[in-house]
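Colleague: Sharing a model prediction with you, sequence too.
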Number of protein chains: 2
Amino acid sequence: MSSSSSSSSSTTTTTTTTTTTNVKIQNEYLKNDETDYLYHLGLDSSMDLKSMFSDVRFVCMGGSASRALKIAQRLCKELNVFEGLPAGLDVATIGKTERYSMYKVGPVVSVNHGMGMPSLSILLHETTKLLHYAGAKDVMFIRVGTSGGIGIEGGTVLLTTAALNGELDELFTLYVLGEKRQWPATIDADVVEEIRQVARAQCPSVKVVTGKTLGTDCFYEGQGRLDGAICEYTEHDKFAFLKRLHALGVCNIEMEASLFAAFTRRLGIRAALINVALLNRLHGDQVTSTSAQLSQFTDDAISIMIAYINSKLTNQG
Amino acid sequence: MSSSSSSSSSTTTTTTTTTTTNVKIQNEYLKNDETDYLYHLGLDSSMDLKSMFSDVRFVCMGGSASRALKIAQRLCKELNVFEGLPAGLDVATIGKTERYSMYKVGPVVSVNHGMGMPSLSILLHETTKLLHYAGAKDVMFIRVGTSGGIGIEGGTVLLTTAALNGELDELFTLYVLGEKRQWPATIDADVVEEIRQVARAQCPSVKVVTGKTLGTDCFYEGQGRLDGAICEYTEHDKFAFLKRLHALGVCNIEMEASLFAAFTRRLGIRAALINVALLNRLHGDQVTSTSAQLSQFTDDAISIMIAYINSKLTNQG
């Protein structure tokens, strides 16, 4: 991709109007003055979080620590807004790294969430509280990840419009105090369209589609794979399931989308899911692309994310 | 703890009779000759897995990569069976480390599973296939972790007898091909008793109890905490829930137990859950013990695990 500092005119026309909004939390119990320990981040509310994080505008989330570092390193080179950021800055982790690795490059945080919704959930709760305490404004969360495609080939980037749960509803499900709770898991259509336009203008060589994502709690049985240690269904059952998903508009399967969409929607945080397909599940289950190909797939998804961040920072300062 | 090589006589009396059993998989589709890529481990079935892993008898699993390393380093010092193992061996990771960090010390594998059941699930599927291909025999999986106690104080080690899901049933739930599937999530009572006896004999200073574990998909709302970014219930609701759990025999809450118990049971793999409580949730939600205290809590749980492994390796060669 080009890291040119000019934003495409097409993005400007569809930019949604945003007023300055603090990152909100919904918890009456955190309004007292006690120190809040963000245990898994290794940070707490007694620290000077305002000077550390008040300028954050984007939080980029990916699965592995190495991806968080890679994104941070690319942000150093490719972000358009380098005010106050030394050239050639070495990125360093913030807080503890036992669970997550967090970096900050100018107004952008890069952090990994591990695999699956429970691991992502802890990061979402603690990062949201962190940015709330820091007084950060107009923050957007973007997950950039990998997925298994359904009817889309390896290397295709999917911008998620809605996430389905295991029951194939556009909802995220969680048991709270012993009761089943569900919340809508859709992504703002304006955001999807903005990113699509930026990708088309700035990363024309990457195939980008929009569609729904199935978020599962298991990579093998939960995604109908035939190569887990346990497989109690047939290949016919698997393809019937994938075709059923395809008919519902599902273009890929990963392990975070439903929670990510629902959590951000509950708190009114702008959010996007940018997932590249590693393979087309309609052709097979094993990831057989070369290491170089897989790396390029991920790079392309990151390129789109950074192009979008640059377009927003340029348009809105 | 003592790393004495003498096993306690009390453990011998309750040792369950085991015949030599290969690690099984239940998947007709993996019986052909194609290479099976264990994607998240960075290993595959075309490698000489037999020479690498055929002698494995125990797989120790913990949440973080740093814990997997710590366990491996302690195994080097404290395992009784050092045949073929150089003194002072530096442990090195096996496979790729992007997702999990795997070590092997003699007949024991130490590997981290990340946080939550989806992340653990991938590790369980791929490690089971790995050991199946390697021809490993009589393998036991042990998860050693941290948890929030219910009615037990920080530092108490709980040996899990059964794991409850979000519906408070002793089952693990997963949606497979769009359908709700459930499996029993209990731990072999003989194994629990064996470990309890070893702990009492070898680690007498550690408080050890047996009881049930709630396995959740969320650290905050899923566990009734009052300090998440979102909290839609009251403190009264929370305590009513914790007391309901307590009445059901639940002594702690963590994020892996239900899947771990159910998966190993499905495949007939001996398994144990050794979780130390970081705090008593009946007193508060925040982890406020010092770093040194928390480290000691985890060390104690690991000590019990290693004492048990030593007792089994000594008794059964």
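Modeller: Yep, it's here.

Colleague: Confirm that A:T128 sits in a helix.
Modeller: Yes: checked against DSSP: H, G, I helix; E, B strand; the rest coil, A:T128 lies within a helix.

Colleague: which residue sits closest to A:N27, ignoring its sequence neighbours?
Modeller: Of all residues not flanking A:N27 in the chain, B:C231 sits nearest, at 4.1 Å (Cβ to Cβ, 6 or more residues apart in numbering or on different chains). In this view, the C-beta of every residue, glycine as well, is placed from N, C-alpha and C.

Colleague: Is it correct that that neighbour is in contact with B:G222?
Modeller: No: B:C231 is beyond contact range of B:G222, at 11.8 Å (criterion: Cβ atoms under 8 Å).

Colleague: Just give me the neighbour total for the residue nearest to A:N27.
Modeller: A count of nearby residues for B:C231, using other Cβ atoms under 10 Å in any protein chain shown, gives 24.

Colleague: Can you show me the strands along the stretch 1-150 of chain A?
Modeller: Using DSSP state E, counting those that start in this stretch, the strands assigned to the stretch 1-150 of chain A run over residues A:37-38, A:43-44, A:58-62, A:102-105, A:108-112, A:140-149.

Colleague: Off-centre distance for the last one?
Modeller: To tie it back to what came earlier, the one meant is strand A:140-149. Centroid displacement of strand A:140-149 relative to its chain, using Cα atoms, centre = their mean, to the nearest Å, is 4 Å.

Colleague: Please name every helix or strand in contact with the helix or strand just after that strand.
Modeller: Using DSSP states H and E, the helix or strand that directly follows strand A:140-149 along the chain is strand A:157-164. Secondary-structure packing of strand A:157-164 (3 or more Cβ pairs under 8 Å, 6 or more residues apart in numbering or on different chains; DSSP states H and E): helix A:189-202, strand A:208-215, strand A:250-254, helix A:257-266, strand A:270-280, helix A:291-316.

Colleague: possible to save those as JSON lines with distance to B:G114, mean pLDDT and mean neighbour count?
Modeller: Below are those laid out as JSON lines (distance: least, Cβ to Cβ, whole Å; pLDDT from 0 to 100; neighbours: other Cβ atoms under 10 Å in any protein chain shown):
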{"stretch": "helix A:189-202", "distance to B:G114": "28", "mean pLDDT": "98", "mean neighbour count": "20"}
{"stretch": "strand A:208-215", "distance to B:G114": "17", "mean pLDDT": "98", "mean neighbour count": "23"}
{"stretch": "strand A:250-254", "distance to B:G114": "15", "mean pLDDT": "98", "mean neighbour count": "26"}
{"stretch": "helix A:257-266", "distance to B:G114": "15", "mean pLDDT": "98", "mean neighbour count": "26"}
{"stretch": "strand A:270-280", "distance to B:G114": "19", "mean pLDDT": "97", "mean neighbour count": "24"}
{"stretch": "helix A:291-316", "distance to B:G114": "19", "mean pLDDT": "94", "mean neighbour count": "20"}
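
Colleague: Looking at the ones you listed, which is nearest to chain B?
Modeller: Comparison of those against chain B by Cβ to the nearest Cβ identifies helix A:257-266 as nearest, at 6.2 Å.

Colleague: quick one: contacts of that closest one?
Modeller: Residues lying outside helix A:257-266 but in contact with it, judged by Cβ atoms under 8 Å, 6 or more residues apart in numbering or on different chains, are A:26, A:61, A:117, A:120-121, A:124, A:141, A:143, A:160, A:162-165, A:171-174, A:183-187, A:213-215, A:269-271, A:273, A:275, B:230.

Colleague: which of those residues are buried?
Modeller: Listed as buried from these are A:61, A:117, A:120-121, A:124, A:141, A:143, A:160, A:162-165, A:171-174, A:183, A:185-187, A:213-215, A:269-271, A:273, A:275, B:230; burial here means 16 or more other Cβ atoms under 10 Å in any protein chain shown.

Colleague: Alright, I will stop here.
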